[in-house]
Every structure is written in C-alpha cells, then in structure tokens.
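Asks: Structure for the following, please:
(4 chains)
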There are 2 protein chains.
Amino acid sequence: MGAGTYGQWCPVAHASEILADRWTPLIVRELLAGIQRFNDLERGLPGIPRSLLAQRLHRLERDGVVRRRMSPQGRTVAYELTPAGEDLQRVVDALGTWGARWAFPDPVPDELDPGLLLWWMRRRIRRECLPERRVVVQFDFPVARKEHFWLLLAPTEVSVCIEDPGFEVDLLVIADLATFYRVWLGRLSLEQSQREGTVAIVGRRELIRAFPDWLDLSPMAPAVRAASLAMSGVAKSENEDTG
Amino acid sequence: MGAGTYGQWCPVAHASEILADRWTPLIVRELLAGIQRFNDLERGLPGIPRSLLAQRLHRLERDGVVRRRMSPQGRTVAYELTPAGEDLQRVVDALGTWGARWAFPDPVPDELDPGLLLWWMRRRIRRECLPERRVVVQFDFPVARKEHFWLLLAPTEVSVCIEDPGFEVDLLVIADLATFYRVWLGRLSLEQSQREGTVAIVGRRELIRAFPDWLDLSPMAPAVRAASLAMSGVAKSENEDTG
DNA sequence: CAGTATCCGATGCGATACTG
DNA sequence: CAGTATCGCATCGGATACTG
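Replies: Down below sits the predicted model:
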C-alpha cells in the first residue's frame, strides 16, 4: 500500500487520493478555467511554491487528469485537462456550491488582492462583445496598498496592467475593493451597488452601459447568488417561526 | 492569513480548506453513512491514527460540519453532522461518481479487507426486511488470510463476527473476495456471479431467495454501475467508429 | 519564459503507549 | 470505550538560486 493511498477499494477514497490534498483542487480550478501555462497557473495561485506546483502537475499527469503538450518548436508547454480532468468540473462545482453556502463569510482583508481580482476578470472578458477600438478601463481601489489598475480591452488581446500604461482612460471604475469582490462573486449586483454609490463608473455613457456586457462575472457567481437567496430564505422562515 | 488557508476569497478555496486534506473526505463519508461513535469511525477507516481522527473531528466541529453530543450520563459521545455537514453529501457523491468513472480500476489485493467489507455490509442491512428469527450467514473467502466470517441478522440487532459464534449456520456464502467486493460495489450483479458460479450461496431455498432483499449494496454501487455502463458505451461507440 | 534544484524550518502524518 | 500524549519521520511551505 503506497504512501498517499488509503488502501480501500472505494471510489471516494480513490478520488480523494488524487484530488484531496493541499493546492490540488485550486490547481484543477485554474485548469478548468482554461489556464494552460505554468506561470499563469502560478499567478492564479498566490503563495504556491513553484516546486510544489510542478510536483502536483506531474502527479495529475500520472493520474490521467492532465496532459502536457509541447509546442511544435518545443519552446513552451501547455497543460490541458484530459476528459477525466474535464469531468472534475462536477466535483469543483460541488465544492464551490457547498463552500458558497456554508463556508463563505464576508472577506477578510488578507483575502482581497486587487491584482488577483483583475487577473480573474481578465479571463472572463467576452472578447467578441468588445468594440473594435481598444478600451482602457482604470480601476481605483481607494484604500488598497496599490490603488490603480488597468484593463486593456481589445478583441485581439486583453491584458492587465499594474503600472500606468499611458493610454487615455475610457472608463474609470471606483470602488471599495471588498465591494468589487462582492460584485465579482455575485453577492452584490453591479446595478445595486451603483445605485448605492459603493461602485462608481465614470466615462462615456454608452461605454458605461456596455461595460457589464463585456465582463462575465466569476464562474462561481451563480452559486454564490443562489446561496445568498437560499440562506436569506431560511432566515426569513426562521423569523416567521419565531415571530 | 492562518496556516492551512489559501488566502483567497473563493468558495472553492474555502471548501477545500475544510474538506481537502488527508482522511477528511473519508471521515465525512463515514459520518454520512450514519456512523456516530469514535471507535466505529476508526473501524471504517483502517490505518488512520486515532490522534489524527480526534484532531479532524475537532476541526470539523470548529468548521460547523460536525456536532458532538454527549449522552445524558456523559459516558459516551456521538458525532453527528450539522445541516452543513449533511449537505456535504453532494460533494462526496460528486467525488465518488468521478472516482467510479475515472479512478477505479479493479482492486489490488491490499485493498481487499474482508473484515471491512462485512463492517460495511452490516450497516446496509434492511432490518425491517429480516425474518423474526435470527439468521446466521457465514461467509467463506477461500484464499483470504482469514477465511470465515459471520453476519448475525436479527430485526433488533445486526452484528459481525470474526470468530465462530457457535450458532447453526443458515446461509453459507462462498466467493472469491475480489468478486464479492465487485458485487458489493455494483460492478458485478449477484445474479450473474451466481450463474457464473463465482459466488455460491448454500442454504434453504427461501432464505437464498430472500437474502438479496435484506442487503442494500454500497451507497456507491449505483454510481459504479453507471460508470461501467458509460465506459462500455464509450468503448462500444469507439469500436463502431473504428470498425 | 518555464521550469528544476537545493535548503531549511514548520507542520502533518503515522506508530505506539498511556489514561480515566 | 473514548480518547490524549509523545515521538520520529516525511512532506510541505517558503526562499533563493540556477538552467536552457
């Protein structure tokens, strides 16, 4: 009975041997989001040691979850999910749905990383909805250590800047970082936070109106929203019971 | 940012902090199966250090998944799942379904433990279907280190014996251990294995006929069966493609 | 850019023994 | 029965440096 195994002929045990250790579910989350390059994976997993990421990718490859593909020139490597890996979507969804419902209090400051937020947003931009001409969106997070970030949106390429790219800004988004995280994860609607004034968007009217169409929220946002509704429903009926 | 956390405000990360470490998914599997006592949990998790089981139970209690209830006399403790814990059924099911499909080759000898198998079967006996009078079922696993096991079935109590209880045997089940595991987990039907002669049941005719009604298979059996069908379907259509 | 190699301190895991 | 206590070893996490 090898190390890291449970010695039980049980599907839950076998699945847990592959998936249930530190960092692995988050690596799979990144791969499911379409991240393929080593450095991009690392970027979405702040704090993971590079050596551990490499080791996990090797193990996932051995377990038939990940396939490593060399570019024709052999210069770069792309990690992609096998069919077995794609099918882990159901497991990650179940984890996320449960987490959204039972283990998702409001964020603590250490959990809010504006660079990571923009990196996540970057891959949820619908390029096909963007205007032809490049749009520069600046984000201001007043109290964060680093206040200003930029998203450069063009149909051919979307990129994140943490230094001023020098272009004219088309849209300026001003929000408390925690608030914008809540919007991103579906706990708060963008419309409502704009009405409340906790998120302000400045720029040409048609760009402001189009902005929400360019950006898909987090893949977890529907689950978080559903959990909020379910829990407020529970709270409501509990109140009705006691009232 | 505490140890064991990921520092990300993400539902998958938070759920993984609670569930995705060694032994924890299997402990939850046991709790979902209705196991409540410390020693019974240990029995279903061969190889877990007692200290680690204790530590995990404390953590699950802290995380709102488990509640620990003292008996009125304060002599014994029962671990039970909170609503959040019950809701982990979906996650464990997803893990098991994935495992059954993608990580469940035929068992290796180290994974076959007849004592554990009978312990699992014990809790899947439908007491309400048992006859009034006690039924003694002996299991013979020819090549196993320990060959003989007994299940004592009565509406009031079901128990496992690893020593001869001395009662007259009503039913004798003879099978290769791996084969009986396959039946238990839904990879092989009891009827078919009896036809093939890989499982033999000896005893009074009406008891033999009633036996399958007393025993529910593993909770994972439907998923394993579905996975077998799905994979053979894939194999079939692949053959059709190439043929 | 995409990793691998190495080092070190902290934690986790597993085995054994002990307690009320 | 239901845990605690202890201890050695392996792995993890974090830092730094190196390679093609």
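
Asks: Could you say which helix or strand holds A:Leu53?
Replies: Per DSSP states H and E: A:Leu53 is located in helix A:50-62.

Asks: Just confirm yes or no for that helix near chain B.
Replies: No. Using CB under 8 Å from any CB of the partner chain, helix A:50-62 never reaches chain B; the gap is at least 11.7 Å. Using the backbone N, CA and C atoms, a C-beta is placed for each residue, glycine as well.

Asks: buried ones in that helix?
Replies: For helix A:50-62, a neighbour-count test (16 or more other CB atoms under 10 Å in any protein chain shown) marks A:Leu53, A:Arg56, A:Leu57, A:Arg59, A:Leu60 as buried.

Asks: mind giving me a markdown table with those and columns for pLDDT and distance to B:Arg145?
Replies: As requested, the buried residues of helix A:50-62 are exported to a markdown table (pLDDT from 0 to 100; distance: CB to CB, whole Å):
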| residue | pLDDT | distance to B:Arg145 |
| --- | --- | --- |
| A:Leu53 | 91 | 42 |
| A:Arg56 | 91 | 37 |
| A:Leu57 | 92 | 39 |
| A:Arg59 | 90 | 32 |
| A:Leu60 | 93 | 35 |
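
Asks: Can I get those in CSV including distance to A:Ala221?
Replies: Output for these, formatted as CSV (distance: CB to CB, whole Å):
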residue, distance to A:Ala221
A:Leu53, 26
A:Arg56, 27
A:Leu57, 28
A:Arg59, 30
A:Leu60, 26
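
Asks: So which of the residues you listed is the closest to A:Val169?
Replies: Nearest to A:Val169 among the buried residues of helix A:50-62: A:Leu53, at 34.9 Å, using CB to CB.

Asks: Distance-wise, check the residue most central in space within chain A relative to A:Pro219.
Replies: Centroid-nearest residue in chain A, with CA atoms, centre = their mean: A:Trp120, separated by 4.5 Å. Separation of A:Trp120 from A:Pro219 (CB to CB, to the nearest Å) stands at 9 Å.

Asks: for A:Val234, what are its contacts?
Replies: Applying CB atoms under 8 Å, 6 or more residues apart in numbering or on different chains, we find A:Val234 in contact with no residue.

Asks: does it count as helix, strand or coil?
Replies: helix (DSSP: H, G, I helix; E, B strand; the rest coil).

Asks: Please parse chain A into its domains.
Replies: Structural domains assigned to chain A are A:11-87, A:109-221, following automatic domain parsing.

Asks: tell me which element A:Trp29 is part of?
Replies: Careful, residue A:29 is Arg; it's not Trp. Assigned by DSSP H and E, A:Arg29 falls in helix A:24-32.

Asks: With A:Ala84 instead?
Replies: Judged by DSSP H and E, A:Ala84 forms part of helix A:83-86.

Asks: That helix packs against which elements?
Replies: Packing partners of helix A:83-86 (3 or more CB pairs under 8 Å, 6 or more residues apart in numbering or on different chains; DSSP states H and E): helix A:24-32.

Asks: packing partners for the helix it packs on?
Replies: helix A:11-19, helix A:38-43, helix A:50-62, strand A:77-81, helix A:83-86, helix A:89-102, helix B:11-19.

Asks: Same list, the ones you listed, but as a markdown table with distance to DNA strand C please.
Replies: Converted to a markdown table, these look like this (distance: least, CB to the nearest atom of the strand, whole Å):
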| stretch | distance to DNA strand C |
| --- | --- |
| helix A:11-19 | 11 |
| helix A:38-43 | 3 |
| helix A:50-62 | 3 |
| strand A:77-81 | 4 |
| helix A:83-86 | 16 |
| helix A:89-102 | 18 |
| helix B:11-19 | 11 |
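
Asks: Output those as JSON lines; include the columns distance to B:Arg43.
Replies: Rendered in JSON lines, the data for the helices and strands packed on helix A:24-32 read as follows (distance: least, CB to CB, whole Å):
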{"stretch": "helix A:11-19", "distance to B:Arg43": "15"}
{"stretch": "helix A:38-43", "distance to B:Arg43": "40"}
{"stretch": "helix A:50-62", "distance to B:Arg43": "30"}
{"stretch": "strand A:77-81", "distance to B:Arg43": "37"}
{"stretch": "helix A:83-86", "distance to B:Arg43": "32"}
{"stretch": "helix A:89-102", "distance to B:Arg43": "27"}
{"stretch": "helix B:11-19", "distance to B:Arg43": "22"}
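
Asks: Nearest to A:Ala210, out of those?
Replies: The nearest among those, by CB to CB, is helix A:38-43 at 27.3 Å.

Asks: got a list of contacts for that closest one?
Replies: A:Ile27, A:Glu30, A:Leu31, A:Ile35, A:Ile48, A:Arg50, A:Leu53, A:Ala54, A:Leu57, A:Val77, A:Tyr79, A:Trp119.

Asks: so for that helix, what's the average pLDDT?
Replies: The average pLDDT within helix A:38-43 is 91.

Asks: For it, buried residues please.
Replies: A:Phe38, A:Asp40, A:Leu41, A:Glu42.

Asks: Same check on stretch A:181-198?
Replies: A:Tyr181, A:Arg182, A:Val183, A:Trp184, A:Leu185, A:Gly186, A:Arg187, A:Leu188, A:Leu190, A:Ser193, A:Gln194, A:Thr198.

Asks: quick one: terminal-to-terminal distance for that stretch?
Replies: Terminal residues of stretch A:181-198 lie 12 Å apart, using CA to CA, to the nearest Å.

Asks: So which residues on chain A come close to DNA strand C?
Replies: Applying CB under 7 Å from any atom of the strand, we find that chain A lies next to DNA strand C at A:3, A:37-40, A:50-51, A:54, A:58, A:68, A:76-77, A:79.

Asks: Check the contact between A:Val143 and A:Ala175; I expect there is one.
Replies: No. Applying CB atoms under 8 Å as the test, A:Val143 and A:Ala175 come out as separate, 10.8 Å apart.

Asks: burial count for A:Gly47?
Replies: A:Gly47 has 11 neighbours, counted by other CB atoms under 10 Å in any protein chain shown.

Asks: phi, psi of A:Leu190?
Replies: phi -60, psi -40 (degrees, to the nearest 10).

Asks: With DNA strand D as the reference, measure out to it.
Replies: 33 Å (CB to the nearest atom of the strand, to the nearest Å).

Asks: list the contacts for that residue?
Replies: A:Val183, A:Val199, A:Pro212.

Asks: Can you check the pLDDT for the closest residue to the first one other than its chain neighbours?
Replies: For A:Val183, the nearest residue in space outside its immediate sequence neighbours is A:Leu190; the separation is 5.2 Å by CB to CB, 6 or more residues apart in numbering or on different chains. In the predicted model, A:Leu190 carries a pLDDT score of 97.
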